[in-house]
Structures are given as C-alpha cells and as structure tokens.
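[1] fold the stuff below for me.
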Amino acid sequence: QCVLVQNPPGLPALIVVRICCWLTGSRFIIDWHNFGYTLLALRFGGRESHLFVRISKMYEKIVGRMSDENICVTSAMAKFLLSEWGITARVLHDQPPQHFKSLTEIERYEVFHRLETDPDGCLNDVREWIFGLIANTKQNQRNFNPDQKELRDLRSAQESNSFGYLSQDGQTTLRRARPAVVVSSTSWTPDEDFNLFLKAAKKIDKKIGEDKSLPPILFIITGKGPLLPAFLEKLQQSKLRHIKITTAWLKSEDYPKVLGAADVGVSMHTSSSGLDLPMKVVDMFGCGLPVCAHGFKCVEELVRNGENGYIFYDADGLAEGIISLLSGFPHANPKLHQMRARIEKSRKSWNENWNSVVRSMFCESWGSASTNLAGKLIMLVLGVFMVIAAKISGSAYSKYT
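    Residues are numbered from 1 along each chain as shown. Prediction:
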C-alpha cells in the first residue's frame with residue numbers, strides 16, 4: 001500500500017503521514033503542486049527571509065527528502081526539487097476533468113438563458129446593457145446590431161436572450177449579433193493583478209470604439225476574496241462603453257458550464273513560487289478556450305504563445321491578445337476558431353495521463369507491501385487526523401490558493 005499526499009498544505013500533514021507510513025510499512029508519496037513556504041511568504045509581504053517562512057521551507061525540504069516517491073506538476077519544479085533539495089520527481093502535468101468540455105450551441109443557449117433570466121443569475125442585467133448599445137445612434141452601424149433576417153427570426157421566436165433564440169420549430173440559434181464572452185476566475189488575492197486587467201479593459205474599450213470588426217465584450221470574473229470590494233469600486237469609476245464586467249460566485253456545477261459557453265479565457269495567475277501552473281488554465285483548455293495568460297517562469301509549459309493562447313506581461317499585451325482573438329467575431333475571426341480546434345485536438349484525458357506517467361509507481365507499491373490489523377487502525381486514525389489537520393493547516397494557505 002501507499003499514501004499519496006498533496007503539498008501544499010503540508011504542515012503538519014507531511015510529517016504525520018511519514019510517521020504513519022513507517023509504522024504501517026506503506027510507501028510515502030508526495031504530490032507537489034506548489035510550495036507551502038512560498039504561499040506563506042505572501043502573508044509576510046513576499047519576504048522569504050522571514051523566520052516562519054524559513055522554518056516552513058526547511059520543514060518541506062527535510063520531510064520531502066524522506067519520501068519514497070514524488071510527483072510534481074511542471075518540469076521546472078522537477079528541476080528545482082532535484083537541484084536544490086536532492087528530490088527526484090516524475091512530472092505529471094494536470095489535465096482537466098471530463099466534465100470540463102466545450103458546450104454545443106443548444107447547451108450554450110440554455111446556460112446563458114438561465115443565467116440571464118434568473119433574478120439571481122449573474123447575467124440578469126446583460127440585456128439592458130445590450131439594448132443600451134443598440135439604442136445608441138453611433139452603434140447602429142456596428143456589426144453586432146441585428147440584421148433584417150435575424151430581426152424577423154427574433155420577432156417570431158418562442159423565447160430569446162442576449163446570446164440566442166429558440167425558434168417556433170424548436171431550433172436553437174446563437175445570434176450573429178451577440179457579445180463575445182471572456183471568462184476569468186480568481187480568489188482576489190495580491191498574486192493576481194486585476195488592476196492590470198482593468199487597464200487592459202479600458203484599452204480594449206477604446207479600440208472597440210474605433211474598430212467596427214470588434215464586438216462588445218462581456219467579461220465574467222468568477223470567485224470571491226479580500227480584494228474584490230476594491231476592484232468593484234474602481235470598476236464603477238471606469239466608465240466603460242462597449243465592455244461590461246460582471247463578477248460572480250458560481251455554483252460548482254455552473255462553473256464548467258460557463259467556461260464551456262465562453263469564447264476566450266484569461267488567467268492573471270503569477271505563481272508564488274514561479275514553478276506551478278494555474279489549474280484554471282487547464283480547465284479552460286478542457287473547455288476549448290484559447291487563454292491569455294499572465295507570464296511567469298514556467299507558464300510556457302502550458303500556454304504556447306500564438307498556438308493555444310497568448311502570454312502577456314502588461315496591460316498592452318493582454319489587450320492585444322484579446323483584440324487579436326476577437327477581431328471579426330463571431331464568424332470572421334479564423335484565429336479564434338483555429339486555436340479552439342488545435343486545443344480540442346491536443347486534449348488528453350486525465351486517465352490517459354495518469355496511466356502513462358505514474359500508474360507504474362502505484363502498481364509497484366501494491367505488489368510490495370501489506371498492512372496488518374494494527375497498521376489499518378493507524379491508517380484509520382490518520383484519516384481522521386487528516387480531516388482535522390486540513391482545517392487547521394489549510395487556513396494558513398487558503399488565502400493564496
């Protein structure tokens with residue numbers, strides 16, 4: 001048998017599991033997703049020299065070297081573990097769960113319709129925004145204003161929303177004249193700079209006013225956290241004309257659906273260690289979304305600039321990436337469609353990835369260890385302890401994960 005522990009959080013989980021594995025004869029395997037000491041450093045202004053941070057780093061290094069096997073999420077992290085701590089790890093890049101996928105036209109319509117018509121839905125004020133754009137005389141010449149055929153279809157439709165309509169014969173159609181949907185997710189913490197995001201939005205808004213090939217854009221930012229109120233205050237002062245930014249806390253079952261219904265993804269993640277990758281980008285790729293991702297040390301392992309998205313380092317770079325992807329939206333923008341097709345083709349299932357990289361590690365463990373009754377009791381106690389430890393140690397890191 002073996003015990004697999006994700007780190008972080010690892011305090012005190014790593015040492016407790018190590019002791020229990022000794023007592024039961026089990027193999028101790030660490031799944032490195034980041035480093036707890038770098039997350040802890042964020043609470044002290046990013047100072048890795050702080051005493052608590054140095055102790056946390058030493059703890060992770062010492063206990064990490066006591067492991068029997070190791071898995072990590074990037075090649076850069078594997079190199080760090082080997083060169084700095086003498087730990088050998090297999091690289092297992094994250095893959096999206098099966099329920100993160102592109103939605104059909106009917107499914108996209110249904111998701112948007114529910115979120116727009118539900119009084120508590122995060123899109124319940126989008127139609128008013130769209131009507132405001134169409135009512136503006138200058139906007140009437142833009143390509144998102146409905147043409148005559150679409151207007152006739154809308155008049156006879158059973159129901160409609162800002163993104164599509166259900167015809168009398170039950171056919172669902174997405175509007176040619178609809179806003180592009182760009183989605184991002186965040187925990188609203190200092191490691192994600194949404195002031196940069198807002199600067200980029202202002203640049204894009206100005207460009208839309210000058211370029212008739214660009215659609216209006218609905219940005220949906222999901223998540224909650226300490227910096228959200230400050231962002232909302234700045235958003236109210238931004239006076240965007242062609243862009244609407246809405247923030248939402250989605251139900252767990254709605255999050256993959258919103259990603260699957262969107263057109264482009266944005267990641268502001270910069271990594272506390274510079275060695276992990278944002279799972280949000282993996283989820284977006286699972287839904288076929290090209291992603292504009294903030295650049296950092298190893299993000300190129302996930303986002304290939306110009307192939308499945310764009311890497312940016314400032315507001316100009318983010319604005320240029322989104323403008324490039326959405327020019328001519330929704331039909332006359334081959335770059336967006338080419339990237340989506342490339343992402344769908346390269347998708348690899350979680351099971352395939354696991355079996356090809358680390359399955360053998362566990363097969364070896366199953367064939368080489370046995371656990372007696374005393375060992376089973378110890379592991380049961382360990383399971384109870386881990387639930388309690390997760391509540392305690394997780395609070396130290398949850399602000400920045």
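[2] confidence score at residue 304?
    The predicted local distance difference test score for residue 304 is 92.
[3] now do it against residue 75, distance only.
    Between residue 304 and residue 75 the distance is 14 Å, computed by Cβ to Cβ, to the nearest Å. For the C-beta atoms, the positions are set from N, CA and C on the backbone; glycine is no exception.
[4] what do you get for residue 264?
    Distance of residue 264 to residue 75, given as Cβ to Cβ: 27 Å.
[5] these two: which is more packed in?
    Using other Cβ atoms under 10 Å as the criterion, residue 264 and residue 75 rank with residue 264 on top: 26 against 14.
[6] do I have it right that residue 127 meets residue 161?
    Yes: counting by Cβ atoms under 8 Å, residue 127 sits close enough to residue 161 to count as a contact (6.8 Å).
[7] more neighbours, these two?
    When residue 127 and residue 161 are compared on other Cβ under 10 Å, the one with more neighbours turns out to be residue 161, at 21 against 15.
[8] is it true that that one touches residue 112?
    Yes: the pair residue 161 / residue 112 is scored as a contact, 5.7 Å apart, by Cβ under 8 Å.
[9] picking that back up, now for residue 127 and residue 161: what residues contact both?
    Residues touching both residue 127 and residue 161 by Cβ atoms under 8 Å, 6 or more residues apart in numbering: residue 116.
[10] around residue 29, how many other residues sit close by?
    When neighbours are counted by other Cβ under 10 Å, residue 29 comes out with 20.
[11] one more: residue 45?
    Other residues near residue 45 number 8, with proximity taken as other Cβ under 10 Å.
[12] do you know how far residue 110 is from residue 161?
    10 Å.
[13] do residue 259 as well
    Spatial separation of residue 259 from residue 161 under the definition Cβ to Cβ is 19 Å.
[14] swap in residue 154?
    The value you get for residue 154 to residue 161, if Cβ to Cβ is used, is 11 Å.
[15] let me know the secondary structure of the residue minimising distance to the centre of the chain.
    Nearest to the centroid of the C-alpha atoms of the chain, with distances taken as Cα atoms, centre = their mean, sits residue 280, at 1.4 Å. State at residue 280, reduced to three classes by DSSP: H, G, I helix; E, B strand; the rest coil: helix.
[16] please report phi then psi for the nearest residue to residue 158 once chain neighbours are set aside.
    If the residues on either side of it in the chain are set aside, residue 158 comes closest to residue 166, at 4.6 Å by Cβ to Cβ, 6 or more residues apart in numbering. Reported as degrees, to the nearest 10, the phi and psi values for residue 166 are phi -110, psi 110.
[17] is it correct that residue 166 is in contact with residue 109?
    Yes: at 7.3 Å, residue 166 and residue 109 qualify as touching, with contact defined as Cβ under 8 Å.
[18] for the two, indicate the residue with more neighbours.
    Higher neighbour count among residue 166 and residue 109: residue 109, with 23 against 18, using other Cβ under 10 Å.
[19] contacting residues around that one?
    Taking Cβ under 8 Å, 6+ apart as the contact definition, residue 109 lies against 161, 163, 164, 165, 166, 172, 173, 174.
[20] looking at the helix or strand hosting it now, give me its mean pLDDT.
    According to DSSP states H and E, residue 109 maps onto helix 105-117. Helix 105-117 shows a mean pLDDT of 91.
[21] tell me the buried residues in it?
    The neighbour-count check on helix 105-117 (16 or more other Cβ atoms under 10 Å) flags 108, 109, 110, 111, 112, 113, 115, 116 as buried.
[22] as a markdown table, the contacts of residue 109 with pLDDT, secondary structure and distance to residue 237 would be great.
    Rendered in a markdown table, the data for those read as follows (pLDDT from 0 to 100; DSSP: H, G, I helix; E, B strand; the rest coil; distance: Cβ to Cβ, whole Å):
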| residue | pLDDT | secondary structure | distance to residue 237 |
| --- | --- | --- | --- |
| 161 | 86 | coil | 29 |
| 163 | 89 | coil | 28 |
| 164 | 88 | strand | 33 |
| 165 | 88 | strand | 35 |
| 166 | 88 | strand | 38 |
| 172 | 89 | strand | 38 |
| 173 | 87 | strand | 38 |
| 174 | 88 | strand | 33 |
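[23] neighbour-wise, which one of the residues you listed leads?
    Ranked by neighbour count (other Cβ under 10 Å), the contacts of residue 109 have residue 163 at the top, with 23 neighbours.
[24] separation between it and residue 119?
    Counting by Cβ to Cβ, the gap between residue 163 and residue 119 amounts to 18 Å.
[25] cool, and residue 256?
    Residue 256 sits 23 Å away from residue 119 when distances are taken as Cβ to Cβ.
[26] kindly report the same for residue 355.
    With Cβ to Cβ as the criterion, residue 355 and residue 119 are 46 Å apart.
[27] tell me which of those two has more neighbours.
    residue 355 (11 against 5).
[28] what secondary structure does the more buried one sit in?
    helix.
[29] residue 157 and residue 168 touch, don't they?
    Yes: under the contact definition of Cβ under 8 Å, residue 157 touches residue 168, with a separation of 7.2 Å.
[30] what's the burial count for residue 271?
    Other residues lying near residue 271 total 19 when counted by other Cβ under 10 Å.
[31] sec struct for it, please.
    Assigned with three-state DSSP, residue 271 falls in the coil class.
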